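Undergrad: no sequence on this one, just coordinates:
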Ligand SMILES: [Zn+2]
């Protein structure tokens with residue numbers, strides 16, 4: 001059974017909220033779940049929906065036995081609708097056809113009729129306005145659940161109609177544990193993925209299935225190592241190479257941060273326990289001897305500053321160029 005609170009890692013607050021909602025029979029006609037991509041919004045929403053449809057009396061979580069529960073698992077519940085669109089945005093026609101018109105028809109076998117709109121930020125403003133009427137005056141059986149990673153794209157009138165639930169990122173520790181329980185990986189590898197997951201199990205799983213993650217990791221470190229012996233012309237070759245990898249720059253910077261953190265850890269504790277780049281251990285050790293504390297922490301801070309500047313949308317390659325010059329020029 002996929003949709004069961006017992007299968008959800010973390011998010012105790014949200015689960016508790018959904019359970020209390022059912023106990024108090026204080027069920028809202030519209031919900032908005034906000035949270036990063038892959039953090040677990042859909043899993044939470046579908047488990048809640050499955051519970052609402054569950055036919056066993058007095059349940060705050062799905063019984064997994066009744067016809068409704070089984071239908072939710074197989075995707076055959078006639079009173080459950082997932083709004084979709086093949087286009088980039090979810091348009092006003094999509095909402096009219098898939099929600100507004102459907103909502104007028106009474107549920108087929110349940111006391112509810114539930115509509116799930118994932119990636120709600122894809123709805124155009126017109127589409128959201130079309131939806132607004134339905135969530136302002138819903139029939140007694142109607143429930144609409146919106147999921148979004150970008151609440152700023154949801155118009156305020158829709159916002160204010162919905163019960164809003166924040167689905168927060170999970171801690172690295174929880175994700176690391178999850179990876180270790182589900183994949184055959186060394187602890188340091190699990191920790192590395194957890195670190196890059198942004199608090200999202202979905203994102204971690206995506207990376208685990210993505211060979212490019214390891215290639216990018218290798219490439220990122222290659223850039224730094226090349227930089228050490230580079231003259232100015234070679235430095236600009238590195239900038240050019242990174243330019244071709246533009247989409248990956250945030251991740252490259254993350255790898256660089258971990259690189260210097262590793263060097264710092266080795267220097268402080270002379271112990272490989274804290275190291276993420278285990279497969280580069282000898283190189284880390286060399287550099288921990290070579291570089292001063294001052295220089296390591298300066299490089300570290302420069303990378304963080306560059307990351308912040310990236311968020312502000314300033315000329316990306318200029319940021320990288322400046323960063324490489326900083327790292328390069330700072331002598332021991
Ligand atoms: Zn059930």
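TA: Thanks, I have it. All values reported here derive from a predicted model rather than from experimental measurement.
Undergrad: following element in sequence after the least confident helix or strand in the chain by mean pLDDT, please.
TA: For the chain, counting by mean pLDDT, DSSP states H and E, helix 187-196 ranks last in confidence among helices and strands (a mean of 83). Of the helices and strands lying after helix 187-196 in sequence (DSSP states H and E), the nearest is helix 201-208.
Undergrad: which ones are touching the residue nearest the centre of the chain?
TA: With distances taken as C-alpha atoms, centre = their mean, residue 37 lies nearest the centre of the chain, 3.4 Å away. The neighbours of residue 37, taking C-beta atoms under 8 Å, 6 or more residues apart in numbering as the test, are 149, 200, 202-203. C-betas here are computed from N, CA, C, even on glycine.
Undergrad: pick out whichever of these sits closest to the ion.
TA: residue 202 (25.7 Å; C-beta to the ion).
Undergrad: could you give the number of residues near the closest residue to that closest one other than its chain neighbours?
TA: With sequence-adjacent residues excluded and distances taken as C-beta to C-beta, 6 or more residues apart in numbering, residue 202 is closest to residue 38, at 2.3 Å. Residue 38: 19 surrounding residues under other C-beta atoms under 10 Å.
Undergrad: now residue 19
TA: 16.
Undergrad: same thing with residue 188?
TA: Neighbour count for residue 188, taken as other C-beta under 10 Å: 16.
Undergrad: which ones are touching it?
TA: With C-beta under 8 Å, 6+ apart, residue 188 has these contacts: 275-276, 278.
Undergrad: how close does it get to residue 9?
TA: Applying C-beta to C-beta, to the nearest Å, the value for residue 188 to residue 9 is 20 Å.
Undergrad: neighbours around residue 142, how many?
TA: Around residue 142 there are 21 residues (other C-beta under 10 Å).
Undergrad: model confidence score at the residue lying closest to it once chain neighbours are set aside, please.
TA: Leaving aside its sequence neighbours, residue 142 sits nearest to residue 103 (C-beta to C-beta, 6+ apart; 5.2 Å). In this model, residue 103 is scored at 95, pLDDT.
Undergrad: who's the closest spatial neighbour of residue 255, skipping the chain neighbours?
TA: Using C-beta to C-beta, 6+ apart, the closest residue to residue 255 is residue 220 (3.8 Å).
Undergrad: give me the contacts around the helix or strand where that neighbour lies.
TA: For residue 220, the element it lies in under DSSP H and E is helix 211-228. Helix 211-228 has contacts (C-beta under 8 Å, 6+ apart) with 196, 207, 234-235, 238, 241-242, 245, 248, 251-252, 255-256, 259, 277, 280, 283, 324, 327-328.
Undergrad: distance from the longest strand along the chain to the middle of the chain?
TA: The longest strand of the chain (DSSP state E) is strand 142-148. Distance, stretch centre to chain centre, for strand 142-148: 19 Å (C-alpha atoms, centre = their mean, to the nearest Å).
Undergrad: kindly report the same for stretch 296-315.
TA: 22 Å.
Undergrad: tell me where the model's unsure across this protein.
TA: 313, 330-332 (pLDDT under 70).
Undergrad: domains of it?
TA: As assigned by automatic domain parsing, the chain contains the domains 5-166, 210-329.
Undergrad: dump those into JSON lines; add distance to the ion as well.
TA: Converted to JSON lines, the domains of the chain look like this (distance: least, C-beta to the ion, whole Å):
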{"stretch": "domain 5-166", "distance to the ion": "3"}
{"stretch": "domain 210-329", "distance to the ion": "36"}
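Undergrad: most neighbours per residue, which of those?
TA: Across those, averaging neighbours per residue (mean count of other C-beta atoms under 10 Å) puts domain 5-166 on top, at a mean of 17.
Undergrad: and that one, end to end?
TA: The first and final residues of domain 5-166 sit 17 Å from each other (C-alpha to C-alpha, to the nearest Å).
Undergrad: tell me what angle the helix holding residue 220 forms with helix 187-196.
TA: In terms of direction (axes from the mean of the first three to the mean of the last three C-alpha atoms, to 10 degrees), helix 211-228 departs from helix 187-196 by 90 degrees.
Undergrad: thinking again about what came up before, who wins for neighbours among the contacts of residue 37?
TA: residue 200 leads the contacts of residue 37 on contacts (other C-beta under 10 Å) with 21 neighbours.
Undergrad: pull the contacting residues for that residue.
TA: 36-40, 169-170, 175.
Undergrad: cutoff 6 Å now
TA: By C-beta atoms under 6 Å, 6 or more residues apart in numbering, residue 200 lies in contact with 36, 38-39.
Undergrad: now those residues as TSV including distance to residue 224 and secondary structure?
TA: Below are these laid out as TSV (distance: C-beta to C-beta, whole Å; DSSP: H, G, I helix; E, B strand; the rest coil):
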residue	distance to residue 224	secondary structure
36	28	coil
38	28	coil
39	31	coil
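Undergrad: what about the domains of the chain, which gets the closest to residue 184?
TA: Closest of these to residue 184 is domain 210-329, at 15.6 Å (criterion: C-beta to C-beta).
Undergrad: end-to-end on that closest one?
TA: 35 Å.
Undergrad: cool, stretch 91-105 as well?
TA: Stretch 91-105 has its terminal residues 21 Å apart, counting by C-alpha to C-alpha.
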